[in-house]
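**Q** Below are the sequence and a predicted model for it; my questions follow.
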Amino acid sequence: MREGGRDGGEDRGNYKLFSCTSQPACRRPRRRRREPRAMASAPKAACAATEARGRCLVASCNILSGETILEEDPLIAFPLPDSLEHAMICDWCMAPCASMAQQLEHAADLESGAVQLPFVEGEDSCECTPCRRGCDAQFCSPACESAAWDVYHGVLCPAVSGRAEEAIDAFEEHAHETDELFLFGARLVAMVYSTLQATPGGLCSYYAPQCDDRGGKYVGCGALPPDCRCLIEASRCGRCVASALDRTGLAQFCTAVYWELPAATAAKAECRARCDESLALLHEAIHACQAGHAAGQAAKVAGQVVGQVASQAAGQGAKVAGGVARRAAGPPPAGLWPSIQDWGILLGLLRQNALCVEVAAPLAGLLPALRDWCATRGGGTMGLSGAESGRTKRKRGACAGASPVREYRKGGAGECRGGSPTPETSQAASLSRVIDSLPEEAWGAVQGSALFRTVACANHSCAPNAQVRFERGNARLRLLALRPIGVGEHITLSYIDHNETAGVAARRKALREYGFVCDCTACGPV
């Protein structure tokens, strides 16, 4: 089955947050009024199963060239760490999650409050929603924060304890040095744990026997109250994990073991070794986070018991809390999920199914307009285009010692009187220095990776009839028809970036990791 794959490098267009046309003095380019989202039209394609191709995406009606086939929100998304260095974006949906002034301060590595833009107050009201426990994760709305917490962040939030923070830092540092796919893989693992946590009825407990079969009937062994359940023992039950994988939707994706994808034997061994190292660090992070959660919950339950029931029950509650504390101080338990094989399968799932997400940088529309505003007031920037200015930028933080930019709302064109610059001219000069200090990445797109349930069914073709676009400023996907598609025809994407330029042999070599030899119309029969 040839499901999903990397985005084929399609032209996603230049998506701007607002107009970059020249405006009157001290006026921000007016943001388009956000209209209520109309109800999405019914998808024009659906997943189907075939004997020859396995699961595939099939047109359910005739589709015109340029027509939207479907729109889809990701099952789970992951902003690339490099993008977080120069943009404040939502950890859940990848939308901007800060005001333009805050985005500019973040990209230029300035202190908070250092930049005040020459725009009318009230037009830039975007605010960041922090993690409920106070870690570094940031979101564009309380709804996104809640969704992320329920799906993955609640399991691996580093703010639960000092030990959890150290363990997660160690895991992330290893991933940055070896393979950042491990970071996305950790989110899938957390997804499964969150699903286990939300399972109604008796979950396996870290303090109770494992699940087993009794007289042919599956029995969950949640021996403690719900607030006391820990997920670690649940993860050691194969039935619980299989059920959770099915409920998350991860079981529907095709996959392969990650270290089996490279062709060379030496590369396979090296990849397996890196996976072993990352899994050990991930187990430690999971254990530290879950032990921290369980310790707090057990202490809470013990306190409630003390206040409500007799001394015998209170002693039992204190005993549970003490047991949690002892387990929290020890190493991760043996047999903790995922096993190395499961870890390899999850990573392979991502490698074969995750799409590249590219959305417009939060500053993409502001910087050209702001540069023009500064130039018309004698502030500099020499009228450079965004690309030219990006190539002449100083290193990040080069203007950290500059005076804070102040906002002035008086004056027109920044005239000089008696040889002295007006406040507006000084502001323009300061803003120009900030713009020149920005890293080149601040002008580019925000990048990430995401899993999509429906689009993952689309098979590959080196001459695809559809392409993926991200035009809403977040990770919501739009699947666009490149040519007329008839009812019952398979929807295809290119899994590789160079499908239009490389030869047949090069394309087939690039597609080898997906486990098939391409026989599309562009490649011909094998």
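**A** In hand now; what should we look at?
**Q** Where does the prediction get shaky in the stretch 1-150 of the chain?
**A** 1-40, 119-125 (pLDDT under 70).
**Q** at 80 what do you get?
**A** Counting by pLDDT under 80, the ranges of the stretch 1-150 of the chain that qualify are 1-41, 51-53, 119-126.
**Q** where do the strands sit along it?
**A** Using DSSP state E, counting those that start in this stretch, the strands of the stretch 1-150 of the chain run over residues 45-50, 54-59, 68-72, 76-79, 129-130, 138-139.
**Q** and if you look at the chain?
**A** 45-50, 54-59, 68-72, 76-79, 129-130, 138-139, 212-214, 217-219, 355-359, 446-451, 459-460, 466-469, 477-481, 492-493 (DSSP state E).
**Q** partners of the last one in the sheet?
**A** For strand 492-493, the paired strands and their directions (DSSP bridges) read strand 459-460 (parallel).
**Q** do the same with the first one
**A** Next to strand 45-50 in the sheet, as set by DSSP bridges, lie strand 54-59 (antiparallel).
**Q** residues of the strand it pairs with that come out buried?
**A** Of the residues in strand 54-59, R55, C56, L57, V58, A59 count as buried by neighbour count, 16 or more other CB atoms under 10 Å. Glycine gets a C-beta too; all of them are placed from N, C-alpha and C.
**Q** Tabulate those (CSV), appending distance to R274.
**A** Converted to CSV, the buried residues of strand 54-59 look like this (distance: CB to CB, whole Å):
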residue, distance to R274
R55, 30
C56, 33
L57, 33
V58, 38
A59, 41
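**Q** any idea which of those is the one closest to P142?
**A** L57 (34.0 Å; CB to CB).
**Q** what about the closest one, distance to A46?
**A** Distance of L57 to A46, computed by CB to CB, to the nearest Å: 7 Å.
**Q** shared neighbours, those two?
**A** The contact sets of L57 and A46 overlap at T454 (CB atoms under 8 Å, 6 or more residues apart in numbering).
**Q** any chance of the strands of the stretch 1-150 of the chain in a markdown table, with distance to L347 too?
**A** Below are the strands of the stretch 1-150 of the chain laid out as a markdown table (distance: least, CB to CB, whole Å):
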| stretch | distance to L347 |
| --- | --- |
| strand 45-50 | 23 |
| strand 54-59 | 21 |
| strand 68-72 | 23 |
| strand 76-79 | 13 |
| strand 129-130 | 30 |
| strand 138-139 | 26 |
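**Q** ok, the buried residues of strand 54-59 vs A242, which is closest?
**A** For the buried residues of strand 54-59, the nearest to A242 is R55 (19.5 Å; CB to CB).
**Q** That closest one is in contact with C47, isn't it?
**A** Yes. When contacts are counted by CB atoms under 8 Å, R55 is listed as touching C47 (5.9 Å).
**Q** So for those two, which residues contact both of them?
**A** C457.
**Q** just the helices in this protein please.
**A** Assigned by DSSP state H, the chain shows helices spanning 81-86, 100-108, 142-148, 162-178, 181-197, 231-235, 238-248, 265-308, 311-329, 340-353, 366-376, 386-391, 423-437, 504-510.
**Q** any idea of the pLDDT on the residue lying closest to R187 once chain neighbours are set aside?
**A** Computed as CB to CB, 6 or more residues apart in numbering, the closest residue to R187 that is not its neighbour in sequence is Y152, at 4.7 Å. If you check Y152, the pLDDT there is 95.
**Q** Next, the contact list for T521, please.
**A** Per CB under 8 Å, 6+ apart, neighbours of T521: S461, A463.
**Q** please redo it, this time with the cut-off set to 7 Å
**A** Residues near T521 by CB atoms under 7 Å, 6 or more residues apart in numbering: A463.
**Q** Over to E111?
**A** Contact analysis of E111 by CB under 7 Å, 6+ apart lists nothing.
**Q** separation between it and K268?
**A** According to CB to CB, E111 and K268 sit 48 Å apart.
**Q** I'd say A475 and P74 touch.
**A** Yes. When contacts are counted by CB atoms under 7 Å, A475 is listed as touching P74 (5.0 Å).
**Q** Pull up the gap between P158 and I168, please.
**A** 4 Å.
**Q** Perfect, that will be all.
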